[in-house]
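Asker: Need a 3D model of the following:
(chains A and B)
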Number of protein chains: 2
Amino acid sequence: MGGMARIAPLSGFPEWSPEERVVERAVIDTLREVFALHGFAEIETRAVEPVERLAGDSDAAKEIYVLRRLRADDEGESSLGLHFDLTLPFARYVEERQGHLAFPFRRWQIQKVWRGERPQEGRFREFYQADIDIVGRDTLPPHAEAEVAIVMAEALAALGEAFGLPGVTMRLNDRRLVEGFYRGVGVTGVAAALRSVDKLAKIGPDGVRAELQAQGLEGPAVDAILALAEVRSADASFGAEVWRLWDASGASDDEARAQLEAGVSSLAALLDGVNAAVPGTAVADLSIARGLDYYTGAVYETTINGHEDLGSVCSGGRYDSLVAGGGFPGVGMSVGVTRLVSRLVGAGLARASRPVPTAVLVAVVDEESRPASDAVARSLRSRGIPCEVAPTAAKFGKQIQHADRRGIPFVWFPGEAHAVKDIRSGEQVPADPSTWQPPAEDLRPRIVRG
Amino acid sequence: MGGMARIAPLSGFPEWSPEERVVERAVIDTLREVFALHGFAEIETRAVEPVERLAGDSDAAKEIYVLRRLRADDEGESSLGLHFDLTLPFARYVEERQGHLAFPFRRWQIQKVWRGERPQEGRFREFYQADIDIVGRDTLPPHAEAEVAIVMAEALAALGEAFGLPGVTMRLNDRRLVEGFYRGVGVTGVAAALRSVDKLAKIGPDGVRAELQAQGLEGPAVDAILALAEVRSADASFGAEVWRLWDASGASDDEARAQLEAGVSSLAALLDGVNAAVPGTAVADLSIARGLDYYTGAVYETTINGHEDLGSVCSGGRYDSLVAGGGFPGVGMSVGVTRLVSRLVGAGLARASRPVPTAVLVAVVDEESRPASDAVARSLRSRGIPCEVAPTAAKFGKQIQHADRRGIPFVWFPGEAHAVKDIRSGEQVPADPSTWQPPAEDLRPRIVRG
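Answerer: Purely as a prediction, here's the structure:
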């Protein structure tokens, strides 16, 4: 492979150093444990879906990576694309296995997804998502909308404890509230209006106004939509503000009003439920739109306090008709793991105590006695102590240097009288391979707060 | 998504039920723990590589999945393909980060890979591989070749203990042995001859003979090659047989002889080293060729005893020039995780004790008292007991039925006097949410041997 072009990292496809991967792995393991404690079962879905199933949503379609075999001799095969989230594949999984799952079905799923969008800070082309969803058969009780938010709030709090991640703010809204309001003020293309409002943070009120006008909306309707998006509250008081705007708009459609009413009371209950379990976490934020068509109830976005520039790190919502054929209402949220990890390591919030699992390097006196060093290592490993044997029988000084370069805290010297040295302090003590234990904090790599 | 075509699983893209995923997850966690105990650090590489780097090996090239964006507006982008193994990406990772890694560098990597080959029993288009490699700078001591085999033998033995997997047989060969012998009997296209011999199990000796003749080899050379591929031994006695064949062939090339000699003694040492650590595991099997060009020393294949029809579940070898620019000799082996898991679950060797993590379903007396049930669940979770709260305040009989359908062993009845029922035995006892513990074997899903 000699004449190959010089290697450059691919933009948008992040790869971590071994030390950074320790952090990512710890984040994933922490999420996985919280999800399991709440009774979510793990599934994995294949990385590919038929393109026609992925391409339904017009905005996401241009980001899909389609596969073809390099030397295709099978033109008859249906076209496959890499999934761009874990929600659509999960809905397909439920559709396929509905006869074999017990509902409400609760699952977690942590996998990579791919989007061919322009890479930028916090946006990747390949990244991990960590999802939980609860899907019912025919009905899904409203407290499920609070439950997924509470589980995610606890998961993010667990990351906070472990990694010094600051607290988070969960911004909640409800699609029925927004749809009822929009229809009341005369919007007919609700999905298009929502996609425009979803860009509020990116293009600002003037940008959104221009898009809504281009959709044929009159000035008063646009004003009302933008005013609604400014409503925030940490308690149920957002309701009074919504009704004030409704009355001011002169809207009078009874059906739209009923929908708005359902949304307002549902959002108030959701806000109450989440803040009762994890006080101070959730706010009603009526600018939260979510670009996806399929949401029908609660929608969520979550920012890290002091890191709002990173965008949402945990989003989702309720969907009533995502599983083809209907009849399986669900609600779910998704953590942007790679985005989170990129900030944790990029801003120095967390790092690994060492890049290798190895706690002990067993030195080798000479190649003839390598089996004696192997035996020490075997004994330590049998008691759960990660170790490796020195690659060569170099002078002990060189072997200690090797441990130091690899980040290994202890070097073991085998012999008639075994000894182990903490190479950080220089302290060396006699030790028995069948009983010695490193200090608990040195047994495995730990996460150290920045 | 109403009018969508009926869903059928995609051939070659396996997906497990939640219960089967418990088994796959346990296999992966077991491998990961053994690798860490031996001082291998985890890395992950992106799923894609530039196509021109993947397509080097002609046999693998036609299996590569190439990506394009569904609505590409970026024709200038270099072409990317999904990786088909973890060895090439690892070599590229080492090349990219050589200034930041401490050598010998030891890594494990468990990720999905993709190959567009025709799906069949034990062969998939998307599957997990679990790799370990040791890569040196400039030199790599020969005991590294034994070490990776020993680690993998221990990893497979750990799976055996946990899952009732039968023992394995590791078949070892050495590329220098084979190349020296081939060159001695007059083979000039060693790589092509090796690729043919690699198909021995698939197309039989007659098929291999036809291919070798088509490559222009004379009858006696073909006979010698096929005779070499029949040599097997559990100890160093294969050496005598090799030299007998060499002498019978009338070969006389000194350079080839020296190469053969190096291979014979290296293979004997390897066999010794592996069987000393894990007795009875390794045999010399001179039919082991491995189709890949880049191997330069030890090559390995591993079959499960009694499941030889599954093919190799753990293969690899030594490579001296895989990292572009040279100077980083390495050795590695790769477990075909999906192939293993498909047999474990397909042949009923292992199953999960339950499909959900949930140990306890906390019943709900009525919707008003749901917060009391939530509090019980919170208390149990704080002590590491996975639980969930009943979705509705149905009659207790219905709630017990729900736990039963989901595979949850315990139902908790909150109240003035709390009680917990083992729904398998029907036994119900008073219990305190702040102290009660389920039996250890019920705390998490376990793997049950078939």
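
Asker: Show me what from the stretch 201-350 of chain A comes close to chain B.
Answerer: With CB under 8 Å from any CB of the partner chain as the criterion, the stretch 201-350 of chain A meets chain B at residues A:276-277, A:321-322, A:324-326. All C-beta spots, glycine's among them, are computed from the backbone N, C-alpha and C.

Asker: mind listing the strands in the stretch 301-450 of chain A by residue range?
Answerer: Assigned by DSSP state E, counting those that start in this stretch, the strands in the stretch 301-450 of chain A fall at A:314-319, A:330-336, A:350-352, A:360-362, A:387-389, A:410-413, A:419-422, A:428-430, A:447-449.

Asker: Adding mean neighbour count and distance to B:P18, write those strands out as TSV.
Answerer: Shown next, in TSV, are the strands of the stretch 301-450 of chain A (neighbours: other CB atoms under 10 Å in any protein chain shown; distance: least, CB to CB, whole Å):
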stretch	mean neighbour count	distance to B:P18
strand A:314-319	26	20
strand A:330-336	26	16
strand A:350-352	22	31
strand A:360-362	29	39
strand A:387-389	25	36
strand A:410-413	23	41
strand A:419-422	18	45
strand A:428-430	11	49
strand A:447-449	15	29
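
Asker: okay, those strands in CSV with mean pLDDT and distance to A:D235 next?
Answerer: Compiled in CSV, the strands of the stretch 301-450 of chain A are given as follows (pLDDT from 0 to 100; distance: least, CB to CB, whole Å):
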stretch, mean pLDDT, distance to A:D235
strand A:314-319, 97, 21
strand A:330-336, 98, 22
strand A:350-352, 94, 33
strand A:360-362, 98, 55
strand A:387-389, 98, 56
strand A:410-413, 98, 55
strand A:419-422, 98, 54
strand A:428-430, 98, 60
strand A:447-449, 92, 33
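
Asker: Kindly reformat those strands as JSON lines containing distance to B:V313.
Answerer: JSON lines is the format used below for the strands of the stretch 301-450 of chain A (distance: least, CB to CB, whole Å):
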{"stretch": "strand A:314-319", "distance to B:V313": "38"}
{"stretch": "strand A:330-336", "distance to B:V313": "34"}
{"stretch": "strand A:350-352", "distance to B:V313": "32"}
{"stretch": "strand A:360-362", "distance to B:V313": "30"}
{"stretch": "strand A:387-389", "distance to B:V313": "25"}
{"stretch": "strand A:410-413", "distance to B:V313": "33"}
{"stretch": "strand A:419-422", "distance to B:V313": "37"}
{"stretch": "strand A:428-430", "distance to B:V313": "43"}
{"stretch": "strand A:447-449", "distance to B:V313": "34"}
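
Asker: now for those, which one comes closest to B:V264?
Answerer: strand A:387-389 (26.0 Å; CB to CB).

Asker: And the helices in the stretch 151-300 of chain A?
Answerer: Secondary structure of the stretch 151-300 of chain A, counting by DSSP state H, counting those that start in this stretch: helices at A:175-184, A:190-197, A:200-214, A:219-228, A:238-249, A:254-277.

Asker: Pick out the residue closest to the middle of chain A.
Answerer: Centroid check for chain A by CA atoms, centre = their mean gives A:V335 as the closest residue, at 2.2 Å.

Asker: May I ask you to confirm that it is in contact with A:R32?
Answerer: No: with contact defined as CB atoms under 8 Å, A:V335 does not reach A:R32; the gap is 11.2 Å.

Asker: Tell me which residue of the stretch 201-350 of chain A lies closest to chain B.
Answerer: Residue nearest to chain B within the stretch 201-350 of chain A: A:A324 (4.7 Å; CB to the nearest CB).

Asker: Just read off the phi/psi values of that residue.
Answerer: phi -60, psi 140 (degrees, to the nearest 10).

Asker: ditto for A:S237
Answerer: Dihedral angles (degrees, to the nearest 10) for A:S237: phi -70, psi -10.

Asker: what's around it, how many residues?
Answerer: Residues near A:S237, counting by other CB atoms under 10 Å in any protein chain shown, number 13.

Asker: same check, this time on the one 5 residues further on
Answerer: Number of residues near A:V242 (other CB under 10 Å) recorded here: 25.

Asker: And chain B, is the helix or strand harbouring A:R32 touching that?
Answerer: With elements taken from DSSP states H and E, the one containing A:R32 is helix A:18-37. Yes: Helix A:18-37 lies within reach of chain B by CB under 8 Å from any CB, at A:18, A:21-22, A:24-25, A:36-37.

Asker: Closest one to B:D223 out of those residues, please.
Answerer: A:P18 (49.4 Å).

Asker: how many other residues sit next to that closest one?
Answerer: When neighbours are counted by other CB under 10 Å, A:P18 registers 27.

Asker: just to revisit the earlier point, using the three-state scheme, assign the nearest residue to the residue nearest to the centre of chain A once chain neighbours are set aside.
Answerer: The shortest distance from A:V335 to any non-neighbouring residue, by CB to CB, 6 or more residues apart in numbering or on different chains, is to A:A130 (4.2 Å). A:A130 carries the three-state label strand when classified by DSSP: H, G, I helix; E, B strand; the rest coil.

Asker: A:A130 touches A:M333, doesn't it?
Answerer: No: in this structure, A:A130 is not within contact of A:M333 by CB under 8 Å, at 9.2 Å.

Asker: re earlier: figure out which of the helices of the stretch 151-300 of chain A is closest to A:A61.
Answerer: Of all those, helix A:190-197 sits nearest to A:A61, with 13.4 Å by CB to CB.

Asker: any idea how far B:G239 is from A:A377?
Answerer: Separation of A:A377 from B:G239 (CB to CB, to the nearest Å) stands at 30 Å.

Asker: more crowded one of these two?
Answerer: Neighbours per residue (other CB under 10 Å) separate A:A377 from B:G239, with A:A377 holding more: 23 against 19.

Asker: surely that one meets A:C387?
Answerer: Yes: counting by CB under 8 Å, A:A377 touches A:C387, with 4.9 Å between them.
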